[in-house]
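# My questions are about this predicted structure, shown below with the sequence.
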Amino acid sequence: MRINFRLNGETITTEIEDSMRALDLLREDLGLTGTKEGCGEGECGACTIIVDGNAVNSCLMLAAELDGTSVETIEGLTGSDGKMHPVQRSFIDKGAVQCGFCIPGMIMSAKSLLDKNDSPSKEEIEAALEGNLCRCTGYVRIIEAVEDAASIIREDRK
Amino acid sequence: MKTSAPERERVVGSKVTRVDAVEKVTGLAKYAPDIYFDRMVHCALVIARKPHGILHKIDASRAQKLPGVFGIFTYKDVPGKNRLGEVVDDMPCLVAEGETVKHYGDVVAVVAASTQKTAEEAARKVRLTIEELPAVLDIEEARRDEIRIHGSSNVSVHKKIRKGDVSKGFSRADLIIEDNFMASYQEHAYIEPQGVVVLPDTDYGMTVYGSIQCPYYVQSSLSKVLGFPMSKVRIIQAETGGAFGGKEDVPSFVASYAAVAAYNLKRPARLIYPREIDIHTTSKRHPVKSRYKMGFSKDGEILAIEVDAYMDMGAYATLSPVVMFRTLVHAAGAYSVDNVSVDTYGVYTNKVPPGAFRGFGSPQVLFAVESMVDEASRRLGIDPVDMRMKNALREGSRTSTDQLLTESVGAVETLDKVNELSNWKELNERVEAFNRGSLFQKRGVGLSHIIYGVSLGAQGQHIDKSGAHVQINRDGSVDVRIGGTEMGQGAKTVMAIIAAEELGQKLSQIVVHQTDTAFVPDSGPTVASRTTMFSGNAVRIACKSLRERLVKLYAELNSCSEDEVELHDGMISCGQDKGMPFDELIEEAFKKNVKMFEAGWYQSPVLEWDPESGIGQAYITYSFASQVVVVEVDMITGNTKVLEAYTVHDVGKAINPEGVIGQIQGGFVQGMGYALSEDLKMLNGRILTDNFNTYIIPTIRDIPRVFKYGIVEDEFSEGPYGAKGIGEPSLMATPPAIANAISRAIGRRIRHIPATPEYVLNVIKEDAE
């Protein structure tokens, strides 16, 4: 079947198999390997992308469901000028990255939260990121990074 | 060794940005599943799915017919030796017809197809005829030897320590405590599953890109399985999404399976494990059953300790004999004890073979010994901190293997600091006050104090060495290549700091490359918290030679004394002159044909060790840690929540303090999962908890609200700038601290980890009966 959707600001029209997962469309057909697969069943969050503003597990979503939507992946967060999104910058500055495999998904969940709420409480950050597993960092600095990004975003909006 | 740069200018010890972070936050970092080649095939494994039995027939005829299947490879297709195993090669690469399958995850065949989906579908259609044999599923059953898994006794490894005379020690004791402990499996649960791409290369050999902790192990394994000389097997480590020991020897197996497909098809072959296959077939932390007997004087001195520990090795020995060495040396804990007797045994069962996991056989016994010490302090009415302080190792003390400690013993300082950091006395009063006012929620404070032998130790000293290659390019950029690997722990950043420190080049101009066996000779494994010390020393040694040449050149060009030349942050200067940018000096060096590359090599000091008595220098040095946690136990459900954590580590020297803190936080949370929630359940040798919906690792919601840490820097003269290791000790202090906290909260001893709500509730109920 043929689908149309917006991907990181560009229009995509592509032929897909009915049973294809959104994750495989992104990684294999479109070459966007920044989105990762950790468990294949929606438990780890490594495959998180943003669809119409909501963070979703792309391993649980059919590619067909992307038809007519607007999709953001980790590759779309860096501007064409190379400027990183505040969440990305804060993850670096706060030392929230170790092996990095969970990080694209973690960042997409955090961005989706901050797009809706630029002053999240610690509890709101935890609620937004509890579906993203990290085995390296112990999460402490991930929370700090999201708090830091929120303050930068608020500052930018002033 | 002293650096010539003044203290205030050092890169070492300063706060730097992780060198590999940009690629990781932008999605550009290439992990094994992100690497694609033209004509690449996708592989899937056919596993036995029976715990024990004779494999009579492999029928691939139905699978072969699926469109898109390129080949199904069995033992018949292995070009070299059909054997695997880093320490003992008791494991087949692919189980042959007529041979026995020894655990559920034994690999029988490799399917190669045009897509992952097709490969997996075909793998399910391969029919195995297996005549089931009775399986040995626990340590006790294995010890009876009624069913022998490898022909000879199931109890195939035994190591011991005999120091002093335990019976004399016990006869003098005012208090003797005996108890049994069980530490169950832990799954590594790296977020990136195992994966490799293997391809026939332009050197007429085979190149592997993979999620790999120990490239030289993979090289040697593949050389045997393919029947190729090692010079025709090249391993390039892809970005690695967590390992924790789980990618120590296992990638040798993963790469071997994929290599059989690549060899037979003459095409690139990709094998990425689905999470379930990863959990069913790959290593875990060993279950260890231990019996402890300890004697104490009434003022808290440990007079004797006697330990038997049985370790479940699963179906194959893999790394177990070396894991057991660490179990042996750490079994008596972090204390000065005159009379020590330890026996550790490795036992075969028909289950998945456990192997390396952060702490490497020590967390299981440290949990036990720290529970014993806590119990003694409770019974003797001695404060837990005072109890540890009384027995702690100091300079001039001897360890459980009678090793004399002459330097870098920060044990007491970690205890002092954690006492202060946690506000110990006040904390205990606060918790007691809470408990007086609460019936169904009870809080407890737990303490642990641990020791960690740095690097491979006496039993691994023959492979304890590392190389490095450092090259300065004409533009001043620096290539650093090491034999250790970056797997998230921060090795690249530490190496870049060391190179920047020694060469005086800016950190941003140093590139630490992915590890590649073609550039650096066998440097041993990236394990045992040894990379900062071993690769770090090798980089430092190489950089020192380059530095000397640069100093000499600058002094010649500017007619000044070599002693006065300083290299720092991209500038070279002499006395009060205006100096020269690093890249300009390099341009001069190139014009004068000065050699601008260098190899570095560091090897372990020789350790004297007697395996018969277990007496001698077990490790080159030791790291220490002390930890305090506060838990709250729900007395109705048995559920435990960690509320506060205070942890102090003696790391020798924190070359990259940011990285050390990251290890401390991450190790704590991984240790917390091991202590509380990570319950690997099995039924007839089959793992039931084979994905993250049932195998529960900590989420962002589970971490303690109060989390404070301290770093002690008691420098080690052999370490680069005094550094020891932090990777593993970061986890090791946590399970005993939590177990002790729960025990104090519920007033009854925790003897099993993970202390799941079900287990804790049972312990509470026993108390009520």
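Happy to help now that I have it. It should be emphasised that the depicted structure is a prediction, and the values quoted were computed from it without experimental measurement.
# For the rest of this, base every contact and every neighbour count on C-alpha atoms.
Fine.
# Quick check: closest non-adjacent residue to the residue in chain B positioned nearest to chain A.
Nearest residue of chain B to chain A, counting by C-alpha to the nearest C-alpha: B:Gly488, 3.4 Å away. Sequence neighbours aside, A:Cys99 is the residue nearest to B:Gly488 in space, at 3.4 Å (criterion: C-alpha to C-alpha, 6 or more residues apart in numbering or on different chains).
# ok, now which ones touch B:Ser211?
B:Tyr31, B:Ala32, B:Gln194, B:Gly195, B:Val196, B:Gln237, B:Ala238, B:Glu239, B:Thr240, B:Gly241, B:Lys247, B:Pro251 (C-alpha atoms under 8 Å, 6 or more residues apart in numbering or on different chains).
# Would you mind naming what in the stretch 651-769 of chain B lies close to chain A?
Applying C-alpha under 8 Å from any C-alpha of the partner chain, one finds that the stretch 651-769 of chain B approaches chain A through B:658, B:662-663, B:665-670, B:691-693, B:698-701, B:703.
# what pLDDT does B:Ala5 get?
At B:Ala5, the model reports a pLDDT of 45.
# still on that earlier bit, list the ones among the residues of the stretch 651-769 of chain B next to chain A that fall in helices.
Those of these mapping onto helices are B:Glu658, B:Gly662, B:Gln663, B:Gln665, B:Gly666, B:Gly667, B:Phe668, B:Val669, B:Gln670, per DSSP state H.
# TSV for the contacts of B:Ser211, including secondary structure?
Below are the contacts of B:Ser211 laid out as TSV (DSSP: H, G, I helix; E, B strand; the rest coil):
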residue	secondary structure
B:Tyr31	strand
B:Ala32	helix
B:Gln194	coil
B:Gly195	strand
B:Val196	strand
B:Gln237	strand
B:Ala238	coil
B:Glu239	strand
B:Thr240	coil
B:Gly241	coil
B:Lys247	coil
B:Pro251	helix
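# coming back round to it: name only those of the residues of the stretch 651-769 of chain B next to chain A that count as buried.
The neighbour-count test (16 or more other C-alpha atoms under 10 Å in any protein chain shown) marks B:658, B:662-663, B:665-670, B:691-692, B:698-701, B:703 as buried among those.
# For the residues you listed, which two are the farthest from each other?
B:Glu658 and B:Asn691 (31.7 Å; C-alpha to C-alpha).
# just to confirm, which helix or strand has the closest residue in space to B:Ala63 that isn't next to it in sequence in it?
Closest residue to B:Ala63 apart from its sequence neighbours, by C-alpha to C-alpha, 6+ apart: B:Ala122 at 4.6 Å. Following DSSP states H and E, one finds B:Ala122 within helix B:116-125.
# what helices or strands is that helix leaning on?
Judged by 3 or more C-alpha pairs under 8 Å, 6 or more residues apart in numbering or on different chains; DSSP states H and E, helix B:116-125 is in contact with strand B:41-47, helix B:61-64, strand B:69-73, strand B:107-113.
# and the helix or strand containing B:Asp179, what does it pack onto?
For B:Asp179, the element it lies in under DSSP H and E is strand B:175-183. If you count contacts as 3+ C-alpha pairs under 8 Å, 6+ apart, strand B:175-183 packs onto strand B:288-296, helix B:363-380, strand B:752-753.
# centre of the chain versus stretch A:90-101, how much separation?
15 Å (C-alpha atoms, centre = their mean, to the nearest Å).
# Can you give the contact residues for it?
Around stretch A:90-101, the neighbours that count as contacts under C-alpha under 8 Å, 6+ apart are A:36, A:46, A:103, A:136-137, A:139-142, A:144-146, A:148-149, B:17-18, B:21-22, B:24-25, B:191-192, B:240-242, B:487-490, B:658, B:662.
# average pLDDT for that stretch?
Taken as a whole, stretch A:90-101 carries a mean pLDDT of 98.
# Just the C-alphas of it, formatted as PDB.
This file holds the C-alpha atoms of stretch A:90-101, laid out as PDB (Å, rounded to 0.1, in the frame of the first residue of the first chain):
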ATOM      1  CA  SER A  90      21.400  19.300  27.900                       C
ATOM      2  CA  PHE A  91      21.900  15.600  27.700                       C
ATOM      3  CA  ILE A  92      25.500  16.300  26.700                       C
ATOM      4  CA  ASP A  93      26.100  19.100  29.200                       C
ATOM      5  CA  LYS A  94      24.600  17.200  32.100                       C
ATOM      6  CA  GLY A  95      26.500  14.000  31.400                       C
ATOM      7  CA  ALA A  96      23.300  12.000  30.800                       C
ATOM      8  CA  VAL A  97      24.900   9.800  28.000                       C
ATOM      9  CA  GLN A  98      26.800   6.600  28.500                       C
ATOM     10  CA  CYS A  99      26.400   3.800  26.000                       C
ATOM     11  CA  GLY A 100      23.900   5.900  24.100                       C
ATOM     12  CA  PHE A 101      21.600   3.200  22.800                       C
END
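# Just give the nearest non-adjacent residue to B:Ala496, would you?
Nearest non-adjacent residue to B:Ala496, counting by C-alpha to C-alpha, 6+ apart: B:Ile510, 5.8 Å away.
# can you list the domains in chain A?
Following automatic domain parsing, chain A resolves into domains at A:2-76, A:86-157.
# Could you export the ones you listed as a markdown table, including distance to B:Ala542 and mean neighbour count?
Formatted as a markdown table, these follow (distance: least, C-alpha to C-alpha, whole Å; neighbours: other C-alpha atoms under 10 Å in any protein chain shown):
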| stretch | distance to B:Ala542 | mean neighbour count |
| --- | --- | --- |
| domain A:2-76 | 35 | 19 |
| domain A:86-157 | 27 | 22 |
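# give me the number of residues near B:Pro274?
B:Pro274 has 20 neighbouring residues, counting by other C-alpha atoms under 10 Å in any protein chain shown.
# picking up where we left off before, may I see the helices and strands packed on helix B:116-125 arranged in a markdown table, with mean pLDDT as well?
Output for the helices and strands packed on helix B:116-125, formatted as a markdown table (pLDDT from 0 to 100):
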| stretch | mean pLDDT |
| --- | --- |
| strand B:41-47 | 98 |
| helix B:61-64 | 98 |
| strand B:69-73 | 98 |
| strand B:107-113 | 98 |
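# Present these as a markdown table; the columns should include mean neighbour count.
Shown next, in a markdown table, are the helices and strands packed on helix B:116-125 (neighbours: other C-alpha atoms under 10 Å in any protein chain shown):
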| stretch | mean neighbour count |
| --- | --- |
| strand B:41-47 | 27 |
| helix B:61-64 | 16 |
| strand B:69-73 | 22 |
| strand B:107-113 | 27 |
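# rewinding a little: and the residue nearest to B:Gly488, which of the three is it?
Following three-state DSSP, A:Cys99 is assigned to coil.
# Roughly how far does it sit from B:Ala243?
Taking C-alpha to C-alpha, to the nearest Å as the measure, A:Cys99 falls 9 Å from B:Ala243.
# next one: A:Arg135
From A:Arg135 to B:Ala243 the distance is 10 Å (C-alpha to C-alpha).
# where do the contact lists of these two overlap?
Residues touching both A:Arg135 and B:Ala243 (C-alpha under 8 Å, 6+ apart): B:Tyr190.
# Looking at chain A, what residue ends up closest to chain B?
Closest to chain B within chain A is A:Cys99: 3.4 Å, counting by C-alpha to the nearest C-alpha.
# Now do stretch B:646-661: distance from first to last residue.
Distance between the two ends of stretch B:646-661: 12 Å, counting by C-alpha to C-alpha.
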